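Novice: Curious how this folds, go ahead:
(2 chains)
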Number of protein chains: 2
Amino acid sequence: MPTTLIHFPLCPASRAIRVALFECGIEADLSEVKPWALARDFLNINPAGTLPVLMLDARAVCGVYPVVEYLSESTPRETGAAARAQIWPGLPVERAEARRVADWFLTKFDAEVSQSLLDEKLYKPMARGRLAPDLPAIRACRSNLRYHLSYISFLSDQRKWLGGDHISFADVAAAAQLSVMDYLSEIPWTEFPEAKAWYQRLKSRPSFRSILADRIPGFSPPETYADLDF
Amino acid sequence: MPTTLIHFPLCPASRAIRVALFECGIEADLSEVKPWALARDFLNINPAGTLPVLMLDARAVCGVYPVVEYLSESTPRETGAAARAQIWPGLPVERAEARRVADWFLTKFDAEVSQSLLDEKLYKPMARGRLAPDLPAIRACRSNLRYHLSYISFLSDQRKWLGGDHISFADVAAAAQLSVMDYLSEIPWTEFPEAKAWYQRLKSRPSFRSILADRIPGFSPPETYADLDF
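Specialist: Model prediction:
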């Protein structure tokens, strides 16, 4: 049985792991599930119902933290040398800072921005047909998104990459979140030129090609979604 | 400047790290903050506002995931040998399973049980005086808690420890959550004998002594809170 990633194309954590797998040089088949209608056999594998899940033969690595630490532990440090990004480069304290920033985007950004926006714009319509969206919730997410874009601008003004001197999973986690918001036409790029310049560097990496090619039937991204010059 | 843990005594993630520090043989001073009234100087250190924060000289390691991975990376594997618990013992796939279970308790248990119960029973009264608690929210948490106690019973029936054959941070994270619920008199121990037997093993470890000695003025725990035979 080959290595398989159970994912959903617009799940931010799944996207982060797809990019990380490519950066680590690990090939994995993709198997898609629908977050709004998880089947019993998926919940038997991961009772928490979280994505993604990395299947290694018959063993499952469940959830974005266990998967990313598994990739970090299983990938020889040398492979990260030249073109590829390491998951957590540097000394323990530098790795700790990259983990803080990754956790910011995996947890805080997710709770304050993408969970509700995905729910309102994609998951609920997919599950129950097009209903009136919860506009106050959407407005709150958009306001939070601006705050997070400011934080990306702030960090990329202070450092070469979001977690420090080297590209790390902090950048991948943040860019995965932004790529989903960008697919939903939610990002006011012109207001955040530093965040845009940082995202452009991520978006140009070969590891991003696969997620830029994603299309959900009936939910098209904006025209500039896959453009490297947007 | 000595190593200092910024924490709150009844914050489950803070407790998990206090136990982990002891198991790793690391001495740290404790510095207390109030989660319901975080000061500006704390938010300057950790803008996400999460606990705990481990201060190493002038550098901060912010949040439970970065801290626990930092402890795992900085503690020589050998020190874990005899009496002490290692953070993530075993092979990468076994460590992944321990991380899944730790994440279950740090994230899922926290969101479904302890965040609201702490809010209703401690943080809101501390912040605004004794108001009428949100009884439907408390009832929902209590129902969720039974489901999580069943999961602990299920896991400890299948395995020696919650994450696998060896004690790990999965046990510490789960026991830290239960210790807070126990302080709040919320655990129906007699209904969950397997979970109780597992918790008894954790509670008896020297690393738990400090959290069993915690007392919040005006909020006493039940008489059996610190008893090893409860």
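
Novice: Quick one: mean pLDDT for the longest helix along chain A?
Specialist: If you go by DSSP state H, chain A has its longest helix at helix A:135-158. Across helix A:135-158, the average pLDDT comes to 97.

Novice: who touches it?
Specialist: For helix A:135-158, the external contacting residues (CB atoms under 8 Å, 6 or more residues apart in numbering or on different chains) are A:101, A:104-105, A:109, A:112-114, A:116-117, A:120-121, A:162, A:174, A:178, A:181, A:186-188, A:191-195, A:197-199, B:47. Where C-beta positions appear, they are placed from N, C-alpha and C, glycine not excepted.

Novice: That one: which residues count as buried?
Specialist: A:Ile138, A:Cys141, A:Asn144, A:Leu145, A:His148, A:Leu149, A:Tyr151, A:Ile152, A:Ser153, A:Leu155, A:Ser156 (16 or more other CB atoms under 10 Å in any protein chain shown).

Novice: how far does it sit from the chain's center?
Specialist: 16 Å (CA atoms, centre = their mean, to the nearest Å).

Novice: One more: stretch A:108-118?
Specialist: Worked out by CA atoms, centre = their mean, stretch A:108-118 lies 12 Å from the chain centre.

Novice: what's in contact with it?
Specialist: A:10-13, A:35, A:134, A:137-138, A:140-141, A:144-145, A:148, A:174, A:177, A:180-181, A:184, A:186, B:48.

Novice: just stretch A:219-230 next, same as before
Specialist: A:121-122, A:182-185, A:189, A:196, A:200, A:203-204, A:212-213, A:215.

Novice: near chain B, which residues of chain A show up?
Specialist: A:46-48, A:56, A:59, A:61-63, A:65-67, A:69-70, A:73-74, A:92-93, A:95-97, A:99-100, A:103-104, A:107-108, A:151 (CB under 8 Å from any CB of the partner chain).

Novice: Going through those residues, which ones are buried?
Specialist: A:46, A:56, A:61-63, A:65-67, A:69-70, A:92-93, A:95-97, A:99-100, A:103-104, A:107-108, A:151.

Novice: Keep only those of these that are in helices.
Specialist: Judged by DSSP H, helices contain the following of these: A:65-67, A:69-70, A:92-93, A:95-97, A:99-100, A:103, A:151.

Novice: who's in contact with A:Cys11?
Specialist: A:Cys11 neighbours (CB under 8 Å, 6+ apart): A:Pro35, A:Leu51, A:Pro52, A:Leu118, A:Val180.

Novice: Kindly reformat those residues as JSON lines and extend each row with neighbour count.
Specialist: Formatted as JSON lines, these follow (neighbours: other CB atoms under 10 Å in any protein chain shown):
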{"residue": "A:Pro35", "neighbour count": "19"}
{"residue": "A:Leu51", "neighbour count": "24"}
{"residue": "A:Pro52", "neighbour count": "27"}
{"residue": "A:Leu118", "neighbour count": "24"}
{"residue": "A:Val180", "neighbour count": "27"}
